[in-house]
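Asker: Pasting a predicted model and its sequence here:
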Amino acid sequence: MRGLIIRFAFAEQVSIQTQTYLKRSYKEATVEMAINPLNPYHQWFIKLDGKSVKTQQRNILAVPSPQLAACIATEFNRQKEYLSFKQMPLLMLARNAIDLDYDATNREYIEKTIIYHLENDAILHRINKQSQLLNIQQQQLDPQLKFFNSRFGMDIQVNDGVQISSLNQQNRVKIESLIRGLNNWQLVSLSSQADNLKSCILAIQLSYGLLDSDKAISLCDIQSQINKKASENENPQDSDSEDNVISTNVKGAQLFSSLIYSQSILY
């Protein structure tokens, strides 16, 4: 996501809006503690040259912990002449969480999207029968599915790729209960991981600390890794670029989740 920073003469605020590019127009990003915030997740501001950052929905950007605020400020300070929001995953996640806190109308859509990723989970696909790919899937993905079912009390089955099976009522109730138990900050993190991994199963295990990010990324699409090796001499830069984006987003979401509740009395 890219955007344009607009300075308003009537307010000490900076707004992030969607645009094709963004030119850096600030010198330094800093962190400031909020005074008596109404929402416990809005305790720390990120400011650009002393001006508060606003989201696309015109809400002031504030985050739960000083560590998360400092990391977002670092994302801003690392930018060059033109900002790359692809390299600012923490900012994007915080922006989405803030907007959900003020207007939860999109929350149901996000929840349904996560469930869609479970019904179409990359871990469940078994297309090529009696092949090297199938053997690799059985060796590396089947244990992940078995562990997930055991850990969360589900009985999700693999599919042959011809017809995607809908979740049965018991599995649907359990996954809906798990997702609805998340606050908005946890939800946007899980959603980002599921979107990038194309796997709700891996995303949930990652968010619960049952899997590390490198392992999840390597498992998310074994078939694409095999295809990549077969064609890596054709467009290696494009392939590496896509892999880097996925890695940045997944690891960013994992860091974001870990920093939501971090606090420091010495900050």
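Answerer: Thanks, I have it.
Asker: ok, the closest residue in space to N168 that isn't next to it in sequence to Q169 distance?
Answerer: What sits nearest to N168 in space, not counting adjacent residues and going by C-beta to C-beta, 6 or more residues apart in numbering, is D155, at 7.9 Å. The C-beta positions use only the backbone N, C-alpha and C, and glycine is treated the same way. The gap separating D155 from Q169 is 12 Å, by C-beta to C-beta, to the nearest Å.
Asker: can you check E108 too?
Answerer: E108 is 19 Å from Q169, by C-beta to C-beta.
Asker: can you check K112 too?
Answerer: From K112 to Q169 the distance is 16 Å (C-beta to C-beta).
Asker: Between the two, point out the one with more neighbours.
Answerer: Just comparing K112 and Q169: by other C-beta atoms under 10 Å the higher neighbour count belongs to K112, 12 against 8.
Asker: does that one count as helix, strand or coil?
Answerer: Here K112 is recorded as helix under DSSP: H, G, I helix; E, B strand; the rest coil.
Asker: List the contacts of it.
Answerer: Not one residue lies near K112 by C-beta atoms under 8 Å, 6 or more residues apart in numbering.
Asker: Show me this protein divided up by domain.
Answerer: Residue ranges for the domains of the chain, per automatic domain parsing: 3-102, 105-259.
Asker: what about L206, how many residues close to it?
Answerer: Counted with other C-beta under 10 Å, L206 comes out at 26.
Asker: what's the closest non-adjacent residue to it?
Answerer: A216 (4.9 Å).
Asker: buried residues in the helix or strand hosting that neighbour?
Answerer: Under the criterion of DSSP states H and E, A216 resides in helix 213-220. Residues of helix 213-220 classed as buried: S213, A216, I217, L219, C220 (neighbour count, 16 or more other C-beta atoms under 10 Å).
Asker: For the longest helix anywhere in the chain, buried residues please.
Answerer: Counting by DSSP state H, the longest helix found in the chain is helix 236-259. Buried positions in helix 236-259, judged by neighbour count with 16+ other C-beta under 10 Å: S239, I246, N249, V250, K251, G252, A253, Q254, L255, F256, S257, L259.
Asker: Please tabulate these in JSON lines, including the columns pLDDT.
Answerer: Formatted as JSON lines, those follow (pLDDT from 0 to 100):
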{"residue": "S239", "pLDDT": "55"}
{"residue": "I246", "pLDDT": "92"}
{"residue": "N249", "pLDDT": "96"}
{"residue": "V250", "pLDDT": "96"}
{"residue": "K251", "pLDDT": "96"}
{"residue": "G252", "pLDDT": "97"}
{"residue": "A253", "pLDDT": "97"}
{"residue": "Q254", "pLDDT": "96"}
{"residue": "L255", "pLDDT": "97"}
{"residue": "F256", "pLDDT": "98"}
{"residue": "S257", "pLDDT": "96"}
{"residue": "L259", "pLDDT": "96"}
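Asker: give the contact list for the most centrally placed residue in the chain.
Answerer: In the chain, the C-alpha nearest the mean C-alpha coordinate belongs to S192, at 2.5 Å (C-alpha atoms, centre = their mean). By C-beta under 8 Å, 6+ apart, the contact set of S192 is P89, L93, N249, V250, G252, A253.
Asker: Can you report phi and psi for it?
Answerer: phi -60, psi -40 (degrees, to the nearest 10).
Asker: Perfect, I'm done here.
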